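Colleague: the sequence and its predicted three-dimensional model are supplied below.
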Amino acid sequence: MYTDTMIGTQTMADLIATAHIVEDEEGSPVLSLSRIPEGFSWLGSGSERHAFLGPDGVVYKRTLCEPGAKYSNSREHTNFLTKAHTLPVGVRFAACELYFSGDVDVLAMEWVDGVGEENEETYPEETFYALIQQGWTDIHEYNVGMDGDTLVMIDYAR
């Protein structure tokens, strides 16, 4: 549920920013599930980010790309601040806060129920079409959840 209070903490963002990434043979950052901080659980990965549920019930997205890159957390946070008011009625972004830990940006985001479920059957098809018309194309069941009758987007980096 959306609140006007801060989401996540700098301490948790620092833990997830540094604890689970190692370098492969070519020096590229890769995920090491054996190095996740105690109390965190891995939720999944996208093309440029890993998501973890923190012990505080907050989702922490750790980016692998540079801050400001197309699919970075800083880009997603900018969309949160500048595009939320343009969404169709009955749709909202999950609330989030952006943290920096050295040169890594970490996005703390509210937990949203229903992610990974077939929301298309419980929400009007025209809402998905309206989102697509606005350019939101990555709105499959793993990137949206439900808050009552409201569709909640959890990935809006585009």
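Modeller: Noted; the coordinates are in hand.
Colleague: show me where the chain has its strands.
Modeller: For the chain, applying DSSP state E gives strands covering 21-23, 29-31, 41-45, 49-53, 59-63, 91-93, 96-101, 104-109, 144-147, 150-153.
Colleague: describe which strands the fifth one pairs with in its sheet and in which direction.
Modeller: Same thing as strand 59-63. According to DSSP bridges, strand 59-63 forms sheet pairs with strand 49-53 (antiparallel), strand 104-109 (antiparallel).
Colleague: give me whichever of the ones you listed is most buried.
Modeller: strand 104-109 (a mean of 24; mean count of other CB atoms under 10 Å). C-beta: built from backbone N, CA, C; applies to glycine.
Colleague: avg pLDDT for it?
Modeller: Strand 104-109 shows a mean pLDDT of 92.
Colleague: now it, how far from the centre of its chain.
Modeller: 8 Å (CA atoms, centre = their mean, to the nearest Å).
Colleague: before we move on, what about stretch 95-105?
Modeller: 12 Å.
Colleague: now do stretch 79-91
Modeller: 15 Å.
Colleague: got the buried residues for that stretch?
Modeller: 79-80, 87-88, 91 (16 or more other CB atoms under 10 Å).
Colleague: give me the subset of the residues you listed lying in helices.
Modeller: 79-80 (DSSP state H).
Colleague: out of the buried residues of stretch 79-91, the closest to residue 102 would be?
Modeller: Checking the buried residues of stretch 79-91 against residue 102 by CB to CB gives residue 80 as the nearest, at 22.2 Å.
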